[in-house]
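Visitor: attaching a predicted model along with its sequence, questions to come.
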Amino acid sequence: MDLTFPEDYSDESVAGRDVVFKVTINSKEVTVVPELNEEFVKENSDSDTVKEYRKEIKDKLYKQKEKEADEEQKTKLWNRVVEDSEVIKYPKREMKSLQNDLINEYKDYAKQYEMEFKDFLKQYAGIESVKEFKKQAKEYAGIIIKEEMVLYYIADKEDIIMTGKEYDSFVTKTLKTYGYTREQFEEAQGQSYEEAVGKSVIERQIYMEKVKDFIFSKAKIKEEE
């Protein structure tokens, strides 16, 4: 392979000079697309014919897209509910605790990079001063706490509860997406999923799903072309 180094190459000894690279190919991969026939269909699906298989795939894709569209709408509705809600008074202790958690998290990052806190903020977060960062951390804490207050207010007023069975099912389903069972996660991480993530975080995720489902069920759907 004949090439020429750029004139402004970092190594001045070879800048602008012609060079020949010898390349050894140790292996290669070839993608083989199987023929779509009844033999393939029977081996790789629950269908018996190509026609049935095409319908099976089409139905799966439709359900997948339908689910994605529903989840998108649920998120939009939830954001609208939070946006339209008004918090009369924020809990000061929780606000301060959450703000400090965020500040300490970034301080830990700075230590890992062996940098001064203010220098880390400027280089990696684009924030000019510690004072500005603390202000943003307070605003972020307000957003999170407002969501929490709206979430549990709706759950309380609408008698939305979480059962132990729902909790276990949620954890099992979540771990399955990562390729774990409860036992496998604990063996690999040296702690349970609850210990790693926090039980309150898991419960919040469950309530969030249930409240979003409730809001979605009460929404007036307007069909658009």
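Guide: Looks like it arrived, so ask away.

Visitor: all helices for the protein, in order.
Guide: 38-44, 50-84, 92-112, 117-120, 130-157, 164-177, 182-189, 193-197, 199-218 (DSSP state H).

Visitor: in a markdown table, list the ones you listed along with distance to residue 24.
Guide: From N, CA and C alone the C-beta is placed, and that goes for glycine too. Shown next, in a markdown table, are those (distance: least, Cβ to Cβ, whole Å):
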| stretch | distance to residue 24 |
| --- | --- |
| helix 38-44 | 37 |
| helix 50-84 | 42 |
| helix 92-112 | 39 |
| helix 117-120 | 43 |
| helix 130-157 | 51 |
| helix 164-177 | 40 |
| helix 182-189 | 38 |
| helix 193-197 | 45 |
| helix 199-218 | 50 |
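
Visitor: so how far is the lowest-mean-pLDDT helix or strand in the chain from its chain's centroid?
Guide: Least confident helix or strand, the chain: strand 2-4 with a mean of 82, by mean pLDDT, DSSP states H and E. Remark: strand 2-4 is offset 44 Å from the chain centroid, using Cα atoms, centre = their mean, to the nearest Å.

Visitor: swap in stretch 52-59?
Guide: 30 Å.

Visitor: state the mean pLDDT of that stretch.
Guide: Stretch 52-59 shows a mean pLDDT of 94.

Visitor: list the contacts of it.
Guide: 36, 41, 45, 46, 47 (Cβ atoms under 8 Å, 6 or more residues apart in numbering).

Visitor: quick check: the last one touching residue 41?
Guide: Yes - with contact defined as Cβ atoms under 8 Å, residue 47 reaches residue 41; the gap is 5.3 Å.

Visitor: neighbour-wise, which of the two wins?
Guide: residue 41 (19 against 16; other Cβ atoms under 10 Å).

Visitor: below-threshold pLDDT in this protein: ranges please.
Guide: Counting by pLDDT under 70, the chain shows low-confidence ranges at 1, 223-225.

Visitor: domain ranges for it, per the record?
Guide: As given by automatic domain parsing, the domain ranges for the chain are 36-82, 85-157, 158-219.

Visitor: residues near the spatially closest residue to residue 209 that is not a sequence neighbour, how many?
Guide: Distances taken as Cβ to Cβ, 6 or more residues apart in numbering put residue 170 closest to residue 209, at 7.9 Å, once the chain neighbours are dropped. Here the count is done by other Cβ under 10 Å, and residue 170 has 16 residues near it.

Visitor: what about stretch 104-119, start to end distance?
Guide: 15 Å (Cα to Cα, to the nearest Å).

Visitor: mind listing what's buried in that stretch?
Guide: 106, 110 (16 or more other Cβ atoms under 10 Å).

Visitor: how far away from the center of its chain is it?
Guide: Worked out by Cα atoms, centre = their mean, stretch 104-119 lies 24 Å from the chain centre.
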